[in-house]
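S.K.: my questions are about this predicted structure, shown below with the sequence.
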Amino acid sequence: MSNLYPTALLTCHGKQVALEEPLAQAGYAVFTVSDFNTDSLGTFTGEIAREGTMLEAARRKAQLACSLSGARFGIGSEGSFGGDPWFGITGWGREVLVWYDAEEQLEISAFVQGPETNYANKCVSDLEEALTFAAAIGFPQHGIVVGQPDGIIYDKSCSDMQALSICVSKALEYGAVDLATDMRAHRNPKRMQMIARCAQDLATRLATHCPQCQAPGFGAHAPVLGALCEECHMPTQQARAVVFKCVACGFESEKHLRSEVTANYCDYCNP
Ligand SMILES: [Zn+2]
Ligand SMILES: [Zn+2]
């Protein structure tokens, strides 16, 4: 382990579980910085609004990890959740990781998204409805949030059905109760899995060095559209290549993906 670079991760929610192994493979030993309350940078439950974009929030955490620990390398993680981008019906998760080199002031990021998330909420008016919701979201392995931050009852700490029943019953005395999946990583195993997927992407990037300056993080930057339709040979909106770019020196190279795609993607053959 001694030849790995110490890398500070700012988290209060046990995210090292998802990051340690892939990052070690890329040459970085993750250690946590947990004496900083990351909730002060924004919470999913809305007590504190996050400032700026996901990427900006993750960057701020990565830079804080470096400044608080004195380590050269730091990592910040940020997620967001909502409905899917097409119909908004099924849950959709997004995760970003930013790796920061405080000495070179370089930043490498990775982003994943998908429906593999446990994100749901429901307003219930009796205990039975609440327990049905809890069972459906996989409680107690997945955490639950009872009530709203500004409400009389507001609790993210229920760890079993008995504690949940007591908490919900008390809240129901004041009317209908909002329930939601806890999106904090240590209380949401699905989210932890998505962070692990993102960590894998980040590790792959970190392990890929620029052919020109040898800096880590030589990775996919932008698609090159225009793969040809296999029927009519007109260019389509599908990628034919991807541009890899170095975050340090700006060197770019194009990686070929495919020359042709099926006519399904063609605006002429299949408008
Ligand atoms: Zn065509
Ligand atoms: Zn370079």
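M.R.: Good, I have the coordinates. Ligands and ions are numbered 1, 2, ... in the order given.

S.K.: buried stuff in the helix or strand that contains H221?
M.R.: Here H221 sits within strand 219-225, counting by DSSP states H and E. In terms of neighbour count (16 or more other CB atoms under 10 Å), strand 219-225 has its buried residues at G219. The way it works is simple: take the backbone N, C-alpha and C, and place the C-beta from them, glycine included.

S.K.: repeat that for stretch 36-56.
M.R.: Neighbour counts over stretch 36-56 (16+ other CB under 10 Å) mark F36, T38, L41, G42, T43, F44, T45, R50, M54 as buried.

S.K.: ok, residues contacting it?
M.R.: The contact list for stretch 36-56, computed with CB atoms under 8 Å, 6 or more residues apart in numbering, reads 10-13, 57, 60-61, 64, 68, 78-81, 94, 96, 98, 109, 145, 148-149, 156, 180, 183-184.

S.K.: let's see it at 6 Å
M.R.: Under the criterion CB atoms under 6 Å, 6 or more residues apart in numbering, residues C12, A57, L68, E78, S80, V96, V145, P149, M183 lie in contact with stretch 36-56.

S.K.: check those residues and tell me the two furthest apart.
M.R.: The span of the contacts of stretch 36-56, defined through CB to CB, is set by L68 and V145 at 27.9 Å.

S.K.: neighbour count winner among those two?
M.R.: Ranked by neighbour count (other CB atoms under 10 Å), L68 and V145 place V145 first, with 22 against 14.

S.K.: from ligand 2, how far off is that one?
M.R.: 45 Å (CB to the ion, to the nearest Å).

S.K.: ok so that residue is a helix residue?
M.R.: No. Per DSSP: H, G, I helix; E, B strand; the rest coil, V145 lies outside any helix segment and is strand.

S.K.: that one contacts A180, correct?
M.R.: Yes. If you go by CB atoms under 6 Å, V145 and A180 touch, sitting 4.6 Å apart.

S.K.: so the residue nearest to the spatial centre of the chain, which state does it fall into?
M.R.: The centroid of the chain falls nearest to E95 when counting by CA atoms, centre = their mean (1.4 Å). Under three-state DSSP, E95 falls in the strand class.

S.K.: quick check: A26 vs W99, distance?
M.R.: Distance of A26 to W99, given as CB to CB, to the nearest Å: 9 Å.

S.K.: in terms of neighbours, single out the busier of these two.
M.R.: Under the criterion of other CB under 10 Å, the comparison of A26 against W99 puts W99 first, with 27 against 20.

S.K.: can you list contacts of stretch 77-85?
M.R.: Counting by CB under 6 Å, 6+ apart, 15, 54, 57-58, 90, 92-97, 119, 183 sit against stretch 77-85.

S.K.: make a PyMOL selection of the buried ones in those residues.
M.R.: To isolate the buried ones among the contacts of stretch 77-85 in PyMOL, judged by 16+ other CB under 10 Å, type:
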select buried, resi 15+54+57+58+92+93+94+95+96+97+119+183
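
S.K.: what is the nearest of the contacts of stretch 77-85 to ligand 2?
M.R.: Nearest to ligand 2 among the contacts of stretch 77-85 is L97, at 20.7 Å by CB to the ion.

S.K.: hey, what's the closest one bridged with?
M.R.: Taking DSSP bridges as the rule, L97 bridges to S77, A110.

S.K.: my read: it touches F111, true?
M.R.: No. Look at L97 against F111 with CB under 6 Å: they stay out of range, at 8.0 Å.

S.K.: contacts for stretch 198-214?
M.R.: Residues outside stretch 198-214 that contact it (CB under 6 Å, 6+ apart): 18-19, 22-23, 25-26, 95, 97, 108, 110, 112, 216-219, 246, 248-249, 251.

S.K.: the same query, at a cut-off of 8 Å, please.
M.R.: 18-19, 22-23, 25-28, 75, 77, 95-97, 99, 108-112, 215-219, 246, 248-249, 251, 253.
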